[in-house]
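Peer 1: Here is a sequence with its predicted model. Questions after.
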Amino acid sequence: MKAPVRVAVTGAAGQIGYALLFRIASGEMLGKDTPVILQLLDLPQAQNAVKGVMMELQDCAFPLLAGMVATDDPEVAFKDADIAILVGARPRGPGMERADLLSANAQIFTVQGAALNKVASRNVKVLVVGNPANTNAYIAMKSAPDLPAKNFTAMLRLDHNRALSQIAEKTGKAVGSIEKLCVWGNHSPTMYADYRFATIDGQSVKDMINDQDWNANTFLPTVGKRGAAIIEARGLSSAASAANAAIDHIRDWVLGTNGRWVTMGIPSDGAYGIPKETLFGFPVTCENGEYTMVKDLPIDEFSQERINITLKELEDEKAGVAHLL
Ligand SMILES: NC(=O)C1=CN([C@@H]2O[C@H](COP(=O)(O)OP(=O)(O)OC[C@H]3O[C@@H](n4cnc5c(N)ncnc54)[C@H](O)[C@@H]3O)[C@@H](O)[C@H]2O)C=CC1
Ligand SMILES: O=C([O-])CC(=O)C(=O)O
């Protein structure tokens, strides 16, 4: 048995928290040989609800659950954390865009970035889920100057998974057979899900679909507006699929992807003309606990236009929070 891994989860009493914690404790995120200690953060008024979730976790008798802490203090929640999943933030309701949450949520991430900086493991892997996820991850990263910037990531995996399923449906092939898909940019309707490089059993997905009208007018809007469609249908934003994407993101980062591409929101190193440190969705592969961006992909005119639009939105969001940093 390995040593326990300290996993901090914020927003532990929320709906994503409820779909996430049991799967982490059962070993689905870090493997069936890795015990975990859950360090749960939520607001003071949610502490009772967190206690209830902890009682249920206890009642599952998970052999891998080596300990639990509940707190409203980020410096307690992040103490020596190896992994920090920052979910706690306000979700949007019908008619809102994720960027509308910026003023409500931005300050959460200055405080939590500073707390991570002070008390977390120096190798902590941070995943920001709370919206707007890219800019919140950027704020946390800038608020934690003593931690490596590369440790701060934003969740684009739900978009990636949504795109996989749309392509599987269109081609009639199995989701698991699709390789080399990626989603560029912001977790917002401007994201650019790109199947130009994707293959199924070695065959080009672009050639199989061969329908640019479907790409531009059906696929991209469906993936880009899926979060809003779920809010419309459920009256609440996605929770189980978001928790599932968070599990996928951390599992792949920690345990590796065996050469397969996945999408992560990561600080740019300047590649593809994306300014350094911009938290942007890129194709990556993961190995030995590190991600590596897939470089030197050709960007055609349509793709460049889409990338410019999502970049512009991120730059505007960044300008909007400059006063906090
Ligand atoms: N990146 C992505 O793909 C996705 C992101 N989201 C976002 O995730 C966030 C959480 O969503 P839900 O769980 O559905 O919301 P929720 O409202 O059910 O739960 C949020 C929880 O966070 C807590 N919280 C609020 N401020 C906090 C703080 N400063 N510290 C610690 N906890 C705090 C609340 O008390 C609540 O328990 C939202 O911002 C939502 O928009 C949701 C789906 C997908
Ligand atoms: O749409 C929302 O507000 C929640 C979310 O980020 C998603 O489902 O992609």
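Peer 2: Good, I have the coordinates. Numbering: from 1, shown residues only. Ligands and ions are numbered 1, 2, ... in the order given.
Peer 1: For the residue most central in space within the chain, grab phi and psi.
Peer 2: Against the mean C-alpha coordinate of the chain, by C-alpha atoms, centre = their mean, the closest residue is M155 at 1.5 Å. For M155, the backbone dihedrals are phi -90, psi 110 (criterion: degrees, to the nearest 10).
Peer 1: quick one: it and V126 touch, right?
Peer 2: No - in this structure, M155 sits apart from V126 without contact. The criterion is C-beta atoms under 8 Å, and the distance is 10.9 Å. Backbone N, C-alpha and C define where each C-beta goes, glycine included.
Peer 1: Quick check: pLDDT value at the one residue in the stretch 101-250 of the chain that gets nearest to ligand 2.
Peer 2: Residue nearest to ligand 2 within the stretch 101-250 of the chain: G227 (2.2 Å; C-beta to the nearest ligand atom). For G227, the model assigns a pLDDT of 96.
Peer 1: Just say helix, strand or coil for it.
Peer 2: Here G227 is recorded as helix under DSSP: H, G, I helix; E, B strand; the rest coil.
Peer 1: so it sits right up against L236, yeah?
Peer 2: No - contact between G227 and L236 fails when scored by C-beta under 8 Å: they sit 11.2 Å apart.
Peer 1: of these two, who's got more company?
Peer 2: Between G227 and L236, counted using other C-beta atoms under 10 Å, the more crowded position is G227 (24 against 11).
Peer 1: Longest helix of this protein, counting residues only.
Peer 2: Counting residues, the longest helix in the chain under DSSP state H turns out to be helix 301-321.
Peer 1: buried stuff in stretch 119-127?
Peer 2: By neighbour count with 16 or more other C-beta atoms under 10 Å, stretch 119-127 contains the buried residues 119-121, 124-127.
Peer 1: and G281, which of the three is it?
Peer 2: Here G281 is recorded as strand under three-state DSSP.
Peer 1: Ok, I37 next?
Peer 2: Of the three states, I37 takes strand according to three-state DSSP.
Peer 1: Show me what it is bridged to.
Peer 2: Counting by DSSP bridges, I37 is bridged to R6, G67.
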